[in-house]
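J.: Generate a structure from the sequence data that follows.
(one chain, ligands or ions: 1)
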Amino acid sequence: MTARYQAQDNIAIITIDNPPINSMGLATRQGLEAALATAAVDASVRAIVITGANGVLTGGADIREFGSPVAMQSPTLHDLIRTLEASTKPVISAINGVCMGGGTEISLGCHYRVAAPGVMIGLPEVKIGILPGAGGTQRLPRVAGVELALDMIVSGDAVKSEVLARAGGLNKVIEGDFMPGVLAFAKQVIADGAKLPRVRDIKISLPGAATFFAEARAKVAATSKHFPAPLKCVDAVEAAVQLEIDEGLAREFELFSELVATPESAALRHAFFAERAASKISDVPEATPVRAIKTVAVIGAGTMGGGISMNFLNAGLPVTILETKQEALDRGVATIRKNYENTVKRGKLTQEKCEQRMALLKPTLNFADLKDADLVIEAVFEDINVKEQVFKKLDESMKPGAILASNTSTLDLNRIANFTKRPQDVVGLHFFSPANVMRLLEVVRGAATSTDVLATVMRLAKKIKKVAVVSGVCDGFIGNRMIEQYSRQAMFMLDEGASVEQIDGAIEAFGFAMGPFRMGDLAGNDIGWHIRQRRYVERPELVYSKAGDRLCELGRFGQKTGAGWYDYKPGDRKAHPSPIVTDVLRDYRLAIGTTVRQITDEEICQRLVYALVNEAAHILEEGIAQRASDIDVIYLTGYGFPLWRGGPMHYAESVGLDKVVASMRGFASNPQADPAFWKPASLLEARAISGKGFDAK
Ligand SMILES: NC(=O)c1ccc[n+]([C@@H]2O[C@H](COP(=O)([O-])OP(=O)(O)OC[C@H]3O[C@@H](n4cnc5c(N)ncnc54)[C@H](O)[C@@H]3O)[C@@H](O)[C@H]2O)c1
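T.: Okay, here's the model as predicted:
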């Protein structure tokens, strides 16, 4: 039963009940329609209340239905709203909890709207690249005023019930016990003659509308490059001001239909579902018991240790941070304080909160102080011998049942786990730098990691507002293993004649936050250099350009040394083209005897992105990643892949996997190419032939 019906004291109470968030899929719409029909013919009923079970009114439309015939199957949200507006008995929307999208539109179709205090109400459609398509853009401005409505619709951000009530969007915020308050309101409506005010009948008057919308458009255009939806939201709200309601509704539906069909909306919807799917692990059921994490310890107060600690302090969890030397400990703690103080200066944190967070931090040099921690995260030097020493110490000092995590980026987690006598309690928690800012967290699942440890860290990730994605154990895990192939390809293109600036410029125009060389300069080119030194020994069959090594031999490690692929001026992060790099590249090309050629920007983007995609296909077929969409989440949240393209896997599918493979074959036939690099992974090849997506069964 998706909508429960109950009548008492001349009032029908319809409770939408479709756990977890009462989404308005077909079954729920049918349930609501049936309940409204019952209320219509129930002679004792003089007013109708619609409310929600599960602590929410409704999360809105079921977006999985989009593009399928079910979405348009009767009753649609439009049909329901027509029924509500035609009702001869007053209908009251009783917003007991979160009310989003289609739910807000249904409420706007009711004669009255009341809500509990502090409840979030919104029209978040723009966040998935569309606009409210069931009258939200036409009715909200009529009750809440054009300004607030436009803000809510363009940003997609919800507002508290009090804010909406002040603007006129709600008839009342019900203080005290909710349902008795709602019933009292309903009785008053009946006592006042059961009037039937309809939002559609309200006339909007907006003096200076043309200027208002011109300004709104300019503002929205400046912040929504690559995303068509926000500007169309402005168009829709303008239609509410200019047109009669039915014409406005028709215009809204037209704009909605245009947006649903855009690749940007498809990408945003994919990203939305991908993020939800990433939190699920196929062999770890939702009901898996979790361990309580009340206190945390962090080993190493360097770049990562400090940032990692801040996540837990922000979430109100006490952190004990350990270093080997007092000086390093003091420096680490001072950096954490400085970060908080900067946030205070920017007005984003109060001094009081800053002090509260710092008070939760306990610095120590002594492993004995970690004995009560439920979770420890190691972030010491990336050296297996140091890790061995630390994990042996942790095994001795941590209480039984504590989770032992490593933030290693490249080392074998199984080896690390086996330094302890409790490998089942060991897991990788690979944070990204800056760890207090970046949303991505790769959870590295060791061969022995127990399912309750996994369930616990996935739950904890949500608490510290990270997007956790599970990776199996392999060199570089998912994200860095892929980026290595991207960087290799970027350097091959330098060898063939492209410039550093051209490559960065092309992929930045594609939408990456930063090209490979600016990224190298930021992260430190020495990191890649060390990895390559290791590869030359471990994988002598792999071909690498040595152009990057030549730069590193000159000490050009990037921003930290004031020079890398670009030149930098003191105190300035702006990248300036470097004549020295141009010379180094010219000499290197001569030394290896390449014939320089013009490379198009299109080729640059394809080679960089398809290098990612092919490695990702290997990662999938090896079972290192659970699903292709997880890989997209990693690239969208941790590597600056353009959101409106949905991640590398979604993007490749939108290009067509057959076309991707055909391009790769073309690259392999380039006389300078390393054909082994462009051999398509079997999974990619198979899917290119079958025409199925990566995640299709
Ligand atoms: N920097 C990054 O971008 C990044 C990103 C993800 C993961 N990581 C990983 O995080 C770990 C730390 O990297 P980082 O960049 O923070 O290094 P860092 O050099 O900034 O910090 C390491 C800290 O560990 C301390 N330390 C060393 N041995 C110790 C020991 N035995 N006991 C206690 N403290 C000890 C050092 O004094 C130093 O303060 C590495 O495993 C690295 O691979 C780094």
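J.: For Leu329, which non-adjacent residue is closest in space?
T.: Glu323 (3.9 Å; C-beta to C-beta, 6 or more residues apart in numbering). Where C-beta positions appear, they are placed from N, C-alpha and C, glycine not excepted.
J.: nope, Gly25 is what I was after
T.: Counting by C-beta to C-beta, 6+ apart, the residue nearest Gly25 is Asp62, at 3.5 Å.
J.: ok now stretch 476-491, how far from the chain's centre?
T.: Chain-centre distance of stretch 476-491: 22 Å, with C-alpha atoms, centre = their mean, to the nearest Å.
J.: and what of stretch 197-213?
T.: 35 Å.
J.: before we move on, back to that, these two touch, right, the residue nearest to Leu329 and Ala297?
T.: No - taking contacts as C-beta atoms under 8 Å, Glu323 lies outside contact range of Ala297: 11.8 Å.
J.: Looking at those two, which one has more neighbours?
T.: Ala297 (30 against 22; other C-beta atoms under 10 Å).
J.: ends of stretch 135-154, how far apart?
T.: 15 Å (C-alpha to C-alpha, to the nearest Å).
J.: How about stretch 464-472?
T.: So stretch 464-472: terminal residues 22 Å apart, C-alpha to C-alpha.
J.: wait, does it contact the ligand?
T.: No - Stretch 464-472 does not reach the ligand (C-beta under 6 Å from any ligand atom); its nearest approach is 13.0 Å.
J.: give me the residue from the protein nearest the ligand.
T.: Closest residue of the chain to the ligand, C-beta to the nearest ligand atom: Gly302 (1.8 Å).
J.: quick one: the residue nearest to Gly25 and Arg82, what's the gap?
T.: 20 Å (C-beta to C-beta, to the nearest Å).
J.: which of those two has more neighbours?
T.: Neighbour totals were compared for Asp62 and Arg82, and Asp62 leads with 21 against 14 (other C-beta under 10 Å).
J.: neighbours around Ser257, how many?
T.: Neighbour number of Ser257 under other C-beta under 10 Å is 11.
J.: Can you tell me the SS state at it?
T.: helix (DSSP: H, G, I helix; E, B strand; the rest coil).
J.: Could you shift the numbering so residue one becomes 882, and keep it that way?
T.: With the count now opening at 882, the last piece we talked about shows up as Ser1138.
J.: What confidence value was assigned to it?
T.: On the pLDDT scale, Ser1138 is placed at 94.
J.: Report the contact partners of it.
T.: Gly1014 (C-beta atoms under 8 Å, 6 or more residues apart in numbering).
J.: how about the residue nearest to Pro1078 when sequence neighbours are not counted, what does it touch?
T.: Excluding the flanking residues, the one nearest Pro1078 by C-beta to C-beta, 6+ apart is His992, at 5.6 Å. The neighbours of His992, taking C-beta under 8 Å, 6+ apart as the test, are Leu965, Ser968, Pro971, Val972, Ile973, Val1070, Lys1076, Leu1077, Pro1078, Arg1079.
J.: Excluding residues flanking it in the chain, which one is nearest the last one?
T.: Excluding its sequence neighbours, the residue lying closest to Arg1079 (C-beta to C-beta, 6+ apart) is Glu966, at 5.3 Å.
J.: give me the number of residues near that neighbour?
T.: By other C-beta under 10 Å, the residues close to Glu966 number 19.
J.: Am I right that it is in a strand?
T.: No - when classified by three-state DSSP, Glu966 is found to be helix rather than part of a strand.
J.: Am I right that it is in contact with Asp1082?
T.: No - with contacts counted by C-beta under 8 Å, Glu966 stays clear of Asp1082, the gap being 9.3 Å.
J.: got the CA coordinates for the strand or helix carrying Asp1513 in CSV?
T.: Assigned by DSSP states H and E, Asp1513 belongs to helix 1509-1519. This file holds the C-alpha atoms of helix 1509-1519, laid out as CSV (Å, rounded to 0.1, in the frame of the first residue of the first chain):
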residue,chain,number,x,y,z
ALA,A,1509,32.1,1.0,-14.1
SER,A,1510,30.0,3.7,-12.4
ASP,A,1511,32.4,3.5,-9.3
ILE,A,1512,35.2,4.5,-11.6
ASP,A,1513,33.2,7.5,-12.8
VAL,A,1514,32.6,8.5,-9.2
ILE,A,1515,36.4,8.3,-8.5
TYR,A,1516,37.2,10.5,-11.5
LEU,A,1517,34.4,13.0,-10.8
THR,A,1518,35.2,13.5,-7.2
GLY,A,1519,38.9,13.0,-7.0
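J.: returning to that earlier point: dump the residue contacts of the residue nearest to Arg1079.
T.: Gly990, Arg1079, Arg1081.
J.: Now the first one: closest residue in space, sequence neighbours ignored.
T.: So the one you mean is Gly990. Ile962 (3.4 Å).
J.: still on that earlier bit, out of the contacts of His992, who's near the ligand?
T.: Counting by C-beta under 6 Å from any ligand atom, no member of the contacts of His992 reaches the ligand.
J.: Just the buried ones out of those, please.
T.: Leu965, Ser968, Pro971, Val972, Ile973, Val1070, Leu1077, Arg1079 (16 or more other C-beta atoms under 10 Å).
J.: Switch the residues you listed over to JSON lines; also include pLDDT, secondary structure and distance to Pro950.
T.: Shown next, in JSON lines, are these (pLDDT from 0 to 100; DSSP: H, G, I helix; E, B strand; the rest coil; distance: C-beta to C-beta, whole Å):
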{"residue": "Leu965", "pLDDT": "98", "secondary structure": "helix", "distance to Pro950": "24"}
{"residue": "Ser968", "pLDDT": "98", "secondary structure": "coil", "distance to Pro950": "28"}
{"residue": "Pro971", "pLDDT": "98", "secondary structure": "coil", "distance to Pro950": "34"}
{"residue": "Val972", "pLDDT": "98", "secondary structure": "strand", "distance to Pro950": "28"}
{"residue": "Ile973", "pLDDT": "98", "secondary structure": "strand", "distance to Pro950": "33"}
{"residue": "Val1070", "pLDDT": "98", "secondary structure": "helix", "distance to Pro950": "38"}
{"residue": "Leu1077", "pLDDT": "98", "secondary structure": "coil", "distance to Pro950": "34"}
{"residue": "Arg1079", "pLDDT": "98", "secondary structure": "coil", "distance to Pro950": "30"}
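J.: can I get those in a markdown table with distance to Leu1124?
T.: Rendered in a markdown table, the data for these read as follows (distance: C-beta to C-beta, whole Å):
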| residue | distance to Leu1124 |
| --- | --- |
| Leu965 | 21 |
| Ser968 | 25 |
| Pro971 | 27 |
| Val972 | 25 |
| Ile973 | 28 |
| Val1070 | 30 |
| Leu1077 | 23 |
| Arg1079 | 17 |
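J.: how about the strands in the stretch 1332-1481 of the chain?
T.: All strands of the stretch 1332-1481 of the chain, identified by DSSP state E, counting those that start in this stretch, fall at 1348-1352, 1447-1448, 1457-1458.
J.: most neighbours per residue, which of those?
T.: Sort those by mean neighbour count, taking mean count of other C-beta atoms under 10 Å, and strand 1348-1352 sits at the top with a mean of 25.
J.: Grab the CA positions of that one and hand them over as PDB.
T.: The C-alpha trace of strand 1348-1352 is given here as PDB (Å, rounded to 0.1, in the frame of the first residue of the first chain):
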ATOM      1  CA  VAL A1348      32.200   9.600  -1.100                       C
ATOM      2  CA  ALA A1349      33.700   6.200  -0.500                       C
ATOM      3  CA  VAL A1350      34.500   3.800  -3.400                       C
ATOM      4  CA  VAL A1351      35.800   0.300  -2.800                       C
ATOM      5  CA  SER A1352      38.900  -0.800  -4.600                       C
END
